[in-house]
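> Build the 3D model from these lines:
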Amino acid sequence: MERRTPSPVDAAGFDWLALACLDPFAPQRLLTLVERFGTPAGVLGASAAELLAAGATQADVDGLPGARLAARAEAATLAAAGAAFVPFDAPSYPARLRTLADPPLGLALRGTLVPADEVAVAVVGARRASEYGRRMAEELARGLAQAGVTVVSGLAAGIDAAAHRGALGAGGRTIALLGTGVDVVYPRWHTGLAAEIAARGALLTELPCGTPPLAHHFPRRNRLISGMTLGTVVVEAAEQSGSLITARCALEQGREVFAVPGPAHLASHRGPHRLIQQGAKLVTTAEEVLEEVAPMLGARLATARVEAALVGLDPLERRVLAAVDVQGRHVDEVIRRADVAAGAALETLLALELRGVVRQLPGKRFCRRAA
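Below is the predicted model of the structure:
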């Protein structure tokens, strides 16, 4: 797979970084200035009168003389953190983010971005998640990763962490959007998980290095989680939850929204249930998500699961499976070829069917699923 690893900040990227240092919370206004003056360098070189006439604030004008100095300091801090800056016009900048009303001027990155990350799904939910919620998030993420989908979440405790781990456990890619600087891991105990994500995916943020985990950063961060994905799956969330902000952002951005149901009496499942009432698709498997956002990848997931199941077969299961072909054989012929007792053969066929290795056809026939 081709990797796109940003080089150290070049001259053009440096100008984007200088603008981002002006005000990381006003990308829309600053992008408007770039459109007016043609390039970030044009903005940095404009006069105060020209800037104010184009819609800049007085704070923008006052901050411009020190913007390049701030950018040099930020670039040095990024380098020390093993990170890079991906400017808005870079080929590796996530293309789907450019369609947002307020896309970041650039992103701090630890890790790598690859073209396949354009096929991404967000899996988000409660920080104080139940065992059921964590298991569902991990299973969904694992299935999506097995199909080649990049799993996006927010590195938070609970559902987010389970989603990242599910993708990593499947050998897939995962991206964490941070509500902090790229050099700040929150929560702190996710330092190891963050390192794994950077090694097998990416940590991304629009915020400067050293930015702490302040509460108002995370709702803004959530628009990026939904914005760079084809759809958002909410696994577990209370009615007043940041995950529902992500879902609302997804709807506003024209993305798909999915919700995982749970026990009706638990407050932590009221958020997904409300989303379902409002039209979100109820899902419990990765296949159901893929049907909506990337149906062509469903076959890839089925193949990956068959391959994984084949690795764990015991000798009896292998013997019975060898007696089944891809066209299908009658159960009596399978028993004869396997040369095992009928009861053991039937029990083993059922086990193989449950594991997705074989399927039953009409007329008591069984066939292998292709790996």
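> tally of neighbours for His216?
The local packing of His216 (other Cβ atoms under 10 Å) involves 9 other residues. Placement of C-beta: from N, CA and C, glycine included.
> Confirm for me that Gly133 is in contact with Ile159.
Yes - counting by Cβ atoms under 8 Å, Ile159 is a contact partner of Gly133 at 5.8 Å.
> Identify the contacts common to the two.
125-126, 235-236 (Cβ atoms under 8 Å, 6 or more residues apart in numbering).
> okay, and the helix or strand of the protein with the least pLDDT?
Lowest by mean pLDDT, DSSP states H and E among the helices and strands of the chain is helix 298-311, with a mean of 68.
> re earlier: now the two most distant members of the shared contacts of Gly133 and Ile159.
Ala126 and Val235 (7.9 Å; Cβ to Cβ).
> Looking at the two, which has the bigger crowd around it?
Val235 (35 against 27).
> Contact partners for the closest residue to the more buried one other than its chain neighbours?
Take Val235 and drop its neighbours on the chain: the residue closest to it by Cβ to Cβ, 6 or more residues apart in numbering is Gly125, 3.8 Å away. Going by Cβ under 8 Å, 6+ apart, Gly125 touches 133, 137, 158-160, 234-237, 243.
> Against Glu236, how distant is Gly125?
4 Å (Cβ to Cβ, to the nearest Å).
> Give me the common contacts of those two.
Joint contacts of Gly125 and Glu236 (Cβ under 8 Å, 6+ apart) are 133, 137, 158-159, 243.
> got a winner among the residues you listed for most neighbours?
Ile159 leads those on contacts (other Cβ under 10 Å) with 33 neighbours.
> gap between that residue and Ala147?
Per Cβ to Cβ, Ile159 is found 20 Å from Ala147.
> now do Leu78
From Leu78 to Ala147 the distance is 33 Å (Cβ to Cβ).
> So if I had to pick from these two, which one is more boxed in?
Ala147 (26 against 23).
> Does that one touch Leu297 like I think?
Yes - using Cβ under 8 Å, Ala147 is in contact with Leu297, at 4.2 Å.
> Mind listing the shared neighbours of these two?
In contact with both Ala147 and Leu297: Leu290, using Cβ under 8 Å, 6+ apart.
> Could I get the full set of strands for the chain?
Shown for the chain, the strands assigned by DSSP state E span residues 84-87, 106-111, 120-124, 150-153, 174-177, 202-205, 231-234, 256-259, 281-282, 329-330, 358-361, 365-368.
> what's next to the second one, contact-wise?
What that stands for is strand 106-111. So strand 106-111 is contacted by 6, 13, 16-17, 20, 78, 81-88, 90, 93-94, 175, 181-182, 194, 197-209 (Cβ under 8 Å, 6+ apart).
> Excluding chain neighbours, give the residue nearest to Ala344 in space.
Per Cβ to Cβ, 6+ apart, closest to Ala344 is Leu316, 6.9 Å.
> Tell me how many other residues surround that neighbour.
For Leu316, using other Cβ under 10 Å, the count is 15.
> What pLDDT is listed against it?
pLDDT for Leu316: 90.
> thinking again about what came up before, looking at the contacts of Gly125, which is nearest Ala323?
Ala137 (38.5 Å).
> Give the full set of residues in contact with the nearest residue to that closest one once chain neighbours are set aside.
Counting by Cβ to Cβ, 6+ apart, Ala162 is the residue found nearest to Ala137 once chain neighbours are left out, at 4.0 Å. Contacts for Ala162 (Cβ under 8 Å, 6+ apart) come out as 129, 133-135, 137-138, 141.
> Check the contacts of Gly125 and tell me the two furthest apart.
Gly158 and Val234 (12.4 Å).
> where exactly do the helices run in the stretch 1-150 of the chain?
Along the stretch 1-150 of the chain, counting by DSSP state H, counting those that start in this stretch, helices occupy 11-22, 27-37, 40-44, 48-53, 58-63, 67-80, 131-146.
> JSON lines please, covering those helices and showing distance to Val152 and mean pLDDT.
Below are these laid out as JSON lines (distance: least, Cβ to Cβ, whole Å; pLDDT from 0 to 100):
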{"stretch": "helix 11-22", "distance to Val152": "21", "mean pLDDT": "90"}
{"stretch": "helix 27-37", "distance to Val152": "19", "mean pLDDT": "95"}
{"stretch": "helix 40-44", "distance to Val152": "27", "mean pLDDT": "94"}
{"stretch": "helix 48-53", "distance to Val152": "36", "mean pLDDT": "95"}
{"stretch": "helix 58-63", "distance to Val152": "31", "mean pLDDT": "93"}
{"stretch": "helix 67-80", "distance to Val152": "22", "mean pLDDT": "94"}
{"stretch": "helix 131-146", "distance to Val152": "10", "mean pLDDT": "95"}
